[in-house]
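Peer 1: Sequence first, then the predicted structure:
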Amino acid sequence: MQEHEADATQASPAREVGDFLRRRREQVAQRWADEPLFRTVFTVSRDEAVDAGRVIVDALAQVADAQRIEDPDAAGFTGVREQLARMGAARSRAGLSTTQVSSELAALLPPVENLLVADLAQEDPERRRECATALSVLMGTLRLVTMQTALSENQALIDRQRLQLLEVATPVIKLWDGIVAVPLIGTLDSARSQVVMETLLNAVVDQHARFAILDITGVPTVDSLVAQHLMKTVAAARLMGAECVVSGIRPAIAQTIVHLGLDLGTVKTRASLADALGYCLHELGANIVNAPAEGAVRR
Amino acid sequence: MSEHYARPVAGHVPVLRLGDVLLVTLQGDLHDGMASQLQQDLAETIAASRVTGVVIDISGVEIVDSFLGRVLAETAAQTELLAARTVVAGMRPAVAITLVELGLTFPELRTALNTEAALALLAQPVVANRPDGEGRP
């Protein structure tokens, strides 16, 4: 193995594979077009599949020439990355799991390998074995690149959806002139509480709100981190000249807070949103009174 | 003494007198030197003119660092000593978030949404103006 490495400079297995791929470009593309991966992605015409196959073979040959068959970041892959992502995404949409897509990609290897072995029939067996190994390494890298691209697409989708979730999950409601409320639903992490804080403070400015109610009825648990976020929001609102009321503290949560020894002393709290609204209205001087019981008088 | 707010010199922040209240409007970037100067100007003006309240409008301030934050808190404390009340009005959301993230919550500082609310706050009787809102009528 050692001496092979030494004299590999004039015609390394990777180079050999590159030459082979260029020589047999047409045949490889034709064979790939019959594989399930290409057949199912390019349903319209076979020519399209063959074209796509040619592009990928070219990219592989380029990577092999650059002697970087093990490197998924090789320059040769840049051009086909989008194509591979489209193929991977199409298979995922068809309901295939990642493993199934991966094995469909693996199925691209045998046709090429057979061609290669047939091509190098005259070479000595050791050389043939090396070339076959180089080819399968190259195909493995192609598989890796495809899966990588598909996964990063998925990650981008998740990031986008998380952003959308942040937006929809924090509406600021105007309850009265000068009173706004944010019903918090779901677990509060630092990213969400940051968004809550920003939207609430902006609403305070826009609506000239003297009172802001943070309703945590929908927050399943309150730990020290959530409590800290709440205190920060309350402090920031106070700095802007608005008063914050935290409402919707369920008995279990009240117990947890006391057990954890959290000091919410600086925060005004009420049991329900109705209580908080009542408090704010009282502070604004707009008290709610029952309508005179006319019905009772007439009866 | 009155020239401190009558003729603002370069490097000074104008201090306007409206009846019993002094109004200071901060705009844009405030250098540390100007902030300290303002603190001094305010103390002298209050001592000389016997006002009962100071409104510092910071709605035009985009960035407040810990130094300016401390100057605001100190100004409030020193006007308290001179028997006047300070209200900081119109803090921007971004500024409030920054201060809270810096750990500066200024529990003693009186705040208001805007200058109008600040003047209304100062018009209320002194006992009713506990900063935590407990004593609001």
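Peer 2: Received the coordinates, thanks. Since we're looking at a predicted model, the values are computed, not measured.

Peer 1: who's in contact with residue A:218?
Peer 2: Taking CB atoms under 8 Å, 6 or more residues apart in numbering or on different chains, we find residue A:218 in contact with A:183, A:184, A:185, A:186, A:248. C-beta here means a position set from N, CA and C on the backbone, and glycine is covered the same way.

Peer 1: so where does the second one fall, helix or strand?
Peer 2: Under the criterion of DSSP states H and E, residue A:184 resides in strand A:179-185.

Peer 1: Quick check: what element follows that strand along the chain?
Peer 2: Where DSSP H and E defines the elements, the next helix or strand beyond strand A:179-185 is helix A:190-206.

Peer 1: Return the set of buried residues in that following helix.
Peer 2: Across helix A:190-206, burial judged by 16 or more other CB atoms under 10 Å in any protein chain shown covers A:192, A:193, A:194, A:196, A:197, A:198, A:199, A:200, A:201, A:203, A:204, A:205.

Peer 1: tell me the contacts of residue A:215?
Peer 2: Counting by CB under 8 Å, 6+ apart, residue A:215 has contacts A:181, A:182, A:183, A:184, A:246, A:247, A:248, A:273, A:276.

Peer 1: Drop anything exposed from those residues.
Peer 2: Judged by 16+ other CB under 10 Å, buried ones among those: A:181, A:182, A:183, A:184, A:246, A:247, A:248, A:273, A:276.

Peer 1: can you list the weak-confidence ranges in chain A?
Peer 2: Judged by pLDDT under 70, chain A has its weakly predicted residues at A:1-10, A:167-169, A:294-299.

Peer 1: Go again with 90.
Peer 2: Per-residue confidence for chain A (pLDDT under 90) gives these ranges: A:1-172, A:177-178, A:184-199, A:216-232, A:248-269, A:271-272, A:283-299.

Peer 1: which residues in chain B form helices?
Peer 2: Under the criterion DSSP state H, chain B contains helices at B:3-6, B:32-49, B:66-81, B:93-101, B:115-123.

Peer 1: Out of these, the one nearest residue A:27 is which?
Peer 2: Of all the helices of chain B, the one in closest proximity to residue A:27, counting by CB to CB, is helix B:93-101 (63.3 Å).

Peer 1: can you pull out the strands in the stretch 51-200 of chain A?
Peer 2: A:173-176, A:179-185 (DSSP state E, counting those that start in this stretch).

Peer 1: can you put those in CSV and add distance to residue A:126?
Peer 2: Output for the strands of the stretch 51-200 of chain A, formatted as CSV (distance: least, CB to CB, whole Å):
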stretch, distance to residue A:126
strand A:173-176, 76
strand A:179-185, 67
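
Peer 1: quick one on the thing from earlier: Serialize the helices of chain B to JSON lines and add fields for distance to residue A:59.
Peer 2: Output for the helices of chain B, formatted as JSON lines (distance: least, CB to CB, whole Å):
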{"stretch": "helix B:3-6", "distance to residue A:59": "74"}
{"stretch": "helix B:32-49", "distance to residue A:59": "59"}
{"stretch": "helix B:66-81", "distance to residue A:59": "55"}
{"stretch": "helix B:93-101", "distance to residue A:59": "47"}
{"stretch": "helix B:115-123", "distance to residue A:59": "66"}
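
Peer 1: Indicate which one of those is closest to chain A.
Peer 2: Across the helices of chain B, the minimum distance to chain A, taken as CB to the nearest CB, is reached by helix B:93-101, at 3.4 Å.

Peer 1: Now do the buried residues in stretch A:280-291.
Peer 2: A:280, A:281, A:283.

Peer 1: between these, which is nearest residue A:236?
Peer 2: residue A:280 (18.0 Å).

Peer 1: And the contacts of the helix or strand containing that closest one?
Peer 2: Per DSSP H and E: residue A:280 is located in helix A:273-284. With contact meaning CB under 8 Å, 6+ apart, helix A:273-284 is reached by A:175-179, A:181, A:183, A:210-211, A:213, A:215, A:217, A:243, A:245-248, A:268, A:270, A:287-288, B:133, B:136.

Peer 1: Most widely separated two among the contacts of residue A:218?
Peer 2: A:186 and A:248 (13.3 Å).

Peer 1: what residues does chain A put near chain B?
Peer 2: A:197-198, A:201-202, A:204-205, A:208-210, A:232, A:235-243, A:266, A:268, A:283 (CB under 8 Å from any CB of the partner chain).

Peer 1: Kindly provide the distance from the residue lying closest to residue A:175 once chain neighbours are set aside to residue B:117.
Peer 2: Closest residue in space to residue A:175, ignoring its immediate chain neighbours: residue A:181 at 5.1 Å, by CB to CB, 6 or more residues apart in numbering or on different chains. Distance from residue A:181 to residue B:117, counting by CB to CB, to the nearest Å: 20 Å.

Peer 1: What residues does chain B have near chain A?
Peer 2: Counting by CB under 8 Å from any CB, the residues of chain B near chain A are B:88-93, B:95-97, B:99-101, B:105-107, B:109, B:111-114, B:117-118, B:132-133, B:136.

Peer 1: Make sure residue A:20 is actually in contact with residue A:118.
Peer 2: No: using CB atoms under 8 Å, residue A:20 makes no contact with residue A:118, being 10.5 Å away.

Peer 1: Which one's more surrounded, the two?
Peer 2: Neighbours were counted for residue A:20 and for residue A:118 using other CB atoms under 10 Å in any protein chain shown; residue A:20 has more, 21 against 9.
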